[in-house]
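Undergrad: Sharing a model prediction with you, sequence too.
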Amino acid sequence: MYLSKRKLTPEFIKRAAILSTVLMVALFTSLFVAFWSIQVVNNEQYRLLAMRNITRTIGLPAPRGLIVDRSGRVLAENRINFTLYLVRENVEDLEKTIQRASFFSGKSVAAIRQVIDKYKNYAMFYRIPVRSNLPQGTVVFIQSRQEEFPEFEIGIEPNRTYPLAQRAAHVLGHMSEVSEAELAGLDPGVYRLGDRIGRSGIEKQYEPFLNGAKGKQTVIKNSVEKVQQISDVTQPVIGCTIVLTLDLDLQRAVEDLLGDENGVVGVMDLASGGILALASKPAFDPEAFSREMTDGEWQAIRNDLRNPLQDKFLQGAYSPGSVFKIVMALAGLQEKLITPAHAEFCSGSQAFYGRAFRCWKPGGHGTVNLFTALQDSCNIYFYNLGQRMDIDTIARYARMLGLGEASGIDLPNERTGLVPDSAWKLETFQQRWFPGETISVSIGHGQLNVTPAQLLKLMATVALHGRMPTPHLLQRIERQGKVVREFSPEFKRVDIAAEHFEQVIEGLFRVVNQEGTGRAARVPGVDICGKTGTSQIIAKDNPQYKRLTKEKRFMPHSWFVSFAPRRNPRLAMVVLVENGGDAGAIAAPLAGQIYRRYFADERHR
Amino acid sequence: MKDTVKYFDKLTFALLLLLALVGILLVYSAGHSSGETHYLKQIAWLAVSLLAFVAVFSLKTEFIFRKAFVIYLALLAVLVLQLALGGTIARTKSWFRLWGIGFQFSEFVKVPLAVYLAKLLAHIDQFDGRAYLKMIVAIFVPVALIVLQPDMGISFILCGFIPLAMLLKKARPTLVLITVLLAVAAGVIGWHSLLKPYQKERIVSFMDPAQYKDSTGYHIIQSRIAIGSGGLAGKGYLKGSQSRYQFLPARHTDFIVSVIGEEFGFLGVSMLFFAFFLVFYRHLRFKHQNDEEFYFVYLFNGLVLFQFLVNVSMAIGLFPVLGISLPFVSYGGSSLLSLFIGEAVIFRIKVNTYLT
């Protein structure tokens, strides 16, 4: 093909050049304006965004506050622990990472997937805790080959430890990881997924104080590599120290004396209501929860029929048995239905409302007055008193003396027990109250049930002639050596005349010191007052009673609730031995030994 | 020879060389934190491109335009061959390996197509329906072959020839209307049958990048952050955190403007734009010997301008992310070589004016 000759006119060419130039000037001007707007006008906004791209703020966990006994001996503290973290933004091959995480942590692949899934709404740079308490060997292995495993980080962090293992386990409580559901209701600045929180005992009760303030550090990172530069570090602050009223020496003694029996011992300082010792058996090792518990370990604790996690002191509900006679006596005296001299005749059995009710002593106690009825725990005396009092009056006094409601101790998850009355029966069973039921209640049986904490409080009130203390475990809270909060004892006045308490105390003194049912608790030189109680597992009129009660698990629970000394009382104590059998033979001597130990110590003289 | 040197547009050539050298510096900056060595390859490609420039510059323009149709056919043959044999890189067949070097042949379509179109336009007296059809077919055959690879970026850029040709020939309003309708039709058909989901997402994400911030909108957002955070004077060479810490995607190719925006700020960007403006502007000042030359200069210069505008708009989110590089600056040997060949023809035309 030929080439064309010039046909385009100079005018056309000139116009084309001018038009093109105008167009180009317009286009370039708009570009300059657009870039000016982004780079100069909105520079600040984009500068912040660029900064946000490269900075990562990492929370630094704070050591938890210590828990110490009244003389500063450590019950719960922290130790160094290595935590394996997974950072998703550094993951190259997720499947490979999951395999590695499973290998390092000893958890199943499915469990690892579950953990990762839990954090799916968190930023990619968030450090997902895969496992705490990583063995040293694994730590060294990962750290020495960090280049190969950019997605894993090892955090060196404090972890809860309980140096005395199972001692005072129920008082101290345990901790575990917060769940996603709980986080919704918690301050995100304080708790994040993967954190641990107090679940029971003091750990739960004083969580806001124990939990320290997290620190943080800002790290400049790129989108694929590791830490480039660390800046802006806020150090974490340790939580407050919780000083308990517990006396570790007494706590040890109490636990050792209780030995392998299942049961509860609570000792209260009557000057303040402070708990000096509190044991609930069987116990558990709270540290097992701070470690990564295997499924097997967890199942073993959960499926243990003896329920080691339960704090029997607050959560065990038992029939009070004859201990309830204290309430009956006080109610009878205050209601002027009896005087101390009032007498009944016990032949071993008596009919009420067409049914025979027995005393525990087959031959009977003969003529008994208030003092001897308490001393020998005569049922007949209290049946008669019960018959002359209606159930609602009994319930009123029981509640007045702290039964049927939480004791108010500073521990979580306390049960209230049950004080039955006619309104309760109507509401629960749509039935009126039968007078015959009152007879059982008057010796502490029937629907009535109480916690050991309530009986301890009851006995403290008796010892103090109607000043009812609120039991408590907190002595004070210290933040970096300074006292933040100090417990001030609380006493409430019970509307029963002081003389009636003195009359009941006379009976309780005889229980221990005049060949009464609690004589085994006697300690020379210490005036102990107390009351035994036997709480039947199987009704005594069960034809199989004799055979079944040879088996330990069907033996009655045995109570001994007491205080000492009689004048200027110092201690109140509740002892419950589950399936202990005869209270006088088991619970009472145990209490006696505890008093002996306590008062043998020079400091307590 | 002496005259050739005398009348050679040295300033514009210096500007082109400057753009390419700045490009190498930016490619180095974009890759040094992750240990990439693209800049070395780019240096080699620049050397090859300069040699090709000299070679093409020494050809007579008459020869080039005489052989226009043959070159055009040869090109189509290569594109067909590539579709049949091409290796696959990043889900496309746009790469052709020759002696161990990757060639992106679709880049080489620009010059021969411009040459052929220039010839067509020069021979058309009346831009009627017949002429229009001829032009559309001439453009659409290579475009279709490239779409099949698929390389949407270059296909889109080549379509820029259509409005350029129509402006140059003062097309009648009816033809303009037909072209607009054709474009809409192509858009609708393309959307439903040709575009892969990821490509569609790229286009949709351009409208609302925040909604796609984890996938395709990410590019736009990070690019804007890079440019915006550069401010007036920039963060300094090699100091752009967006680029250094690898938040910026495709930073050595499609988003090279974001690197200069972040590290050299508005001042750096302005100087770059001004250099481009000067090149485009100076190429419009020439005297031609035949109409083919006139059309070629306007077509090729216009196409480079079009590509420049699309790339820069893309970097600030004014245009969908289509995978279009910044002429002379972005990493990419085939692109550089193709552009320098085209420029060689323009420079030759400009020299011719004075030599005869």
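TA: Everything's here; your move.
Undergrad: What segments of the stretch 451-600 of chain A are helices?
TA: Secondary structure of the stretch 451-600 of chain A (DSSP state H, counting those that start in this stretch): helices located at A:452-463, A:498-513, A:545-548, A:583-600.
Undergrad: Need the ones you listed in JSON lines (columns: mean neighbour count).
TA: Glycine gets a C-beta too; all of them are placed from N, C-alpha and C. Output for those, formatted as JSON lines (neighbours: other Cβ atoms under 10 Å in any protein chain shown):
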{"stretch": "helix A:452-463", "mean neighbour count": "29"}
{"stretch": "helix A:498-513", "mean neighbour count": "21"}
{"stretch": "helix A:545-548", "mean neighbour count": "12"}
{"stretch": "helix A:583-600", "mean neighbour count": "22"}
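Undergrad: Go through the ones you listed and name the closest to chain B.
TA: Evaluated over the helices of the stretch 451-600 of chain A, closeness to chain B peaks at helix A:452-463, with 55.4 Å, by Cβ to the nearest Cβ.
Undergrad: Reduced to three states, what does the nearest residue to A:Asn81 once chain neighbours are set aside come out as?
TA: Residue nearest to A:Asn81 in three dimensions, not counting chain neighbours: A:Asn159, with 3.5 Å by Cβ to Cβ, 6 or more residues apart in numbering or on different chains. For A:Asn159, the secondary-structure state derived from DSSP: H, G, I helix; E, B strand; the rest coil is strand.
Undergrad: Quick check: phi and psi on A:Asp601?
TA: The phi/psi pair for A:Asp601 (degrees, to the nearest 10) reads phi -70, psi 130.
Undergrad: What score does it have for pLDDT?
TA: Listed pLDDT for A:Asp601 reads 82.
Undergrad: Near it, how many other residues are there?
TA: 12 (other Cβ atoms under 10 Å in any protein chain shown).
Undergrad: how much space between it and A:Glu148?
TA: According to Cβ to Cβ, to the nearest Å, A:Asp601 and A:Glu148 sit 60 Å apart.
Undergrad: Spatially nearest residue to the residue of the stretch 51-200 of chain B found nearest chain A, not counting backbone neighbours?
TA: Going by Cβ to the nearest Cβ, chain A is nearest to B:Ala122 of the stretch 51-200 of chain B, at 4.3 Å. The shortest distance from B:Ala122 to any non-neighbouring residue, by Cβ to Cβ, 6+ apart, is to B:Asp291 (3.8 Å).
Undergrad: my guess is that neighbour contacts A:Ile13, does it?
TA: No - counting by Cβ atoms under 8 Å, B:Asp291 sits too far from A:Ile13 to count as a contact (10.1 Å).
Undergrad: Just list the residues touching A:Ser179, thanks.
TA: Contacts for A:Ser179 (Cβ atoms under 8 Å, 6 or more residues apart in numbering or on different chains) come out as none.
Undergrad: Look up how far A:Ala34 lies from the residue of chain B at minimum distance from chain A.
TA: Per Cβ to the nearest Cβ, B:Gly228 is where chain B lies closest to chain A, at 2.6 Å. To A:Ala34, B:Gly228 is 11 Å away according to Cβ to Cβ.
Undergrad: Please say which of those two ends up with more neighbours.
TA: More crowded of B:Gly228 and A:Ala34, by other Cβ under 10 Å: B:Gly228, with 28 against 16.
Undergrad: what does the stretch 251-356 of chain B put close to chain A?
TA: The stretch 251-356 of chain B has residues B:261-262, B:265-266, B:269-270, B:273, B:277, B:280-281, B:284-285, B:288-292, B:294, B:298, B:305, B:309, B:312-313, B:316, B:318 near chain A, with proximity defined as Cβ under 8 Å from any Cβ of the partner chain.
Undergrad: just the buried members of the residues you listed?
TA: Those of these that meet the buried threshold are B:261-262, B:265-266, B:269-270, B:273, B:277, B:280-281, B:284, B:288-292, B:294, B:298, B:305, B:309, B:312-313, B:316, by 16 or more other Cβ atoms under 10 Å in any protein chain shown.
Undergrad: Out of the residues you listed, which sit inside strands?
TA: Among these, none falls in strands (DSSP state E).
Undergrad: what stretches of the stretch 151-300 of chain B score poorly on pLDDT?
TA: B:202-216 (pLDDT under 70).
Undergrad: top helix in chain B by residue count?
TA: Across chain B, the longest stretch assigned as helix under DSSP state H is helix B:256-283.
Undergrad: counting contacts, what elements does it pack onto?
TA: helix A:10-36, helix B:10-32, helix B:217-230, helix B:241-244, helix B:291-315 (3 or more Cβ pairs under 8 Å, 6 or more residues apart in numbering or on different chains; DSSP states H and E).
Undergrad: burial of the residue nearest to A:Gly581 when sequence neighbours are not counted, as a residue count?
TA: Nearest residue to A:Gly581, sequence neighbours excluded (Cβ to Cβ, 6+ apart): A:Met555, at 4.7 Å. By the criterion of other Cβ under 10 Å, A:Met555 has 21 neighbours.
Undergrad: Kindly list the main-chain dihedrals of A:Met555?
TA: Backbone torsions for A:Met555, taken as degrees, to the nearest 10, come to phi -70, psi 150.
Undergrad: which ones are touching it?
TA: By Cβ under 8 Å, 6+ apart, the residues touching A:Met555 are A:Ile537, A:Thr549, A:Asn579, A:Gly580, A:Gly581.
Undergrad: out of those, who has the most neighbours?
TA: The most crowded member of those, judged by other Cβ under 10 Å, is A:Gly580 (24 neighbours).
Undergrad: Surely it is in contact with A:Gly263?
TA: Yes - with contact defined as Cβ under 8 Å, A:Gly580 counts as touching A:Gly263 (6.9 Å).
Undergrad: Now list whatever residues contact both of the two.
TA: Common neighbours of A:Gly580 and A:Gly263, using Cβ under 8 Å, 6+ apart, are A:His557.
Undergrad: Next, A:Ala76: secondary structure please.
TA: Here A:Ala76 takes the strand state, with states given by three-state DSSP.
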